[in-house]
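1. quick one: sequence and predicted model below, then my questions.
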Amino acid sequence: MPSTYSQLKIELIGTGDQAGTWGATTNVNLGTAVEEAITGNAAVTFASSNVAIALTDTNAAQTARNLRLVLGGSITNAQTLFIPAITKQYLITNNLSNSVVISNGTNAAPTGTTVTVPAGRSLVVFNNGTNVAEVTN
């Protein structure tokens, strides 16, 4: 049975697969994929347009898997960051000069509710795969 991938794209080794080599996959799963999801920081660079981050079927490093997304670059008006439509929490740090809307979907078709992160602020947001909401007390 071939490997499959979880929502966070952690490789799930098929039963009986990777005999004698599964340790390498497990080390990447734990040392890269799980660490990114729990404590990882990733830079997301804007250049006066919306940005979409995605997850692909690999346990190699991926921006969208990280807990903290640090937004940087240059924008002249509010932009949108499109995140994968999975259940996941993010800490968004907006180091830009304008606000950024956090949304599911694509540039052509944003979906669900969104959260706006003001310039110079950090917010914790939760994505349930459909809607993005600010985490509050």
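-> Structure received. Here the structure is a predicted model, which means the values were calculated and not measured.

2. ok, which stretches of this structure are helices?
-> Assigned by DSSP state H, the chain shows helices spanning 22-28, 35-39.

3. buried deepest among those, which one?
-> Counting by mean count of other CB atoms under 10 Å, helix 35-39 has the highest mean neighbour count of the helices of the chain, with a mean of 15. Glycine gets a C-beta too; all of them are placed from N, C-alpha and C.

4. what's the distance between the residue nearest the centre of the chain and Asn127?
-> With the centre of the chain defined as its mean C-alpha position, the nearest residue by CA atoms, centre = their mean is Ala64, 2.4 Å away. Taking CB to CB, to the nearest Å as the measure, Ala64 and Asn127 are separated by 11 Å.

5. got it, and Ala109?
-> Taking CB to CB as the measure, Ala109 and Asn127 are separated by 16 Å.
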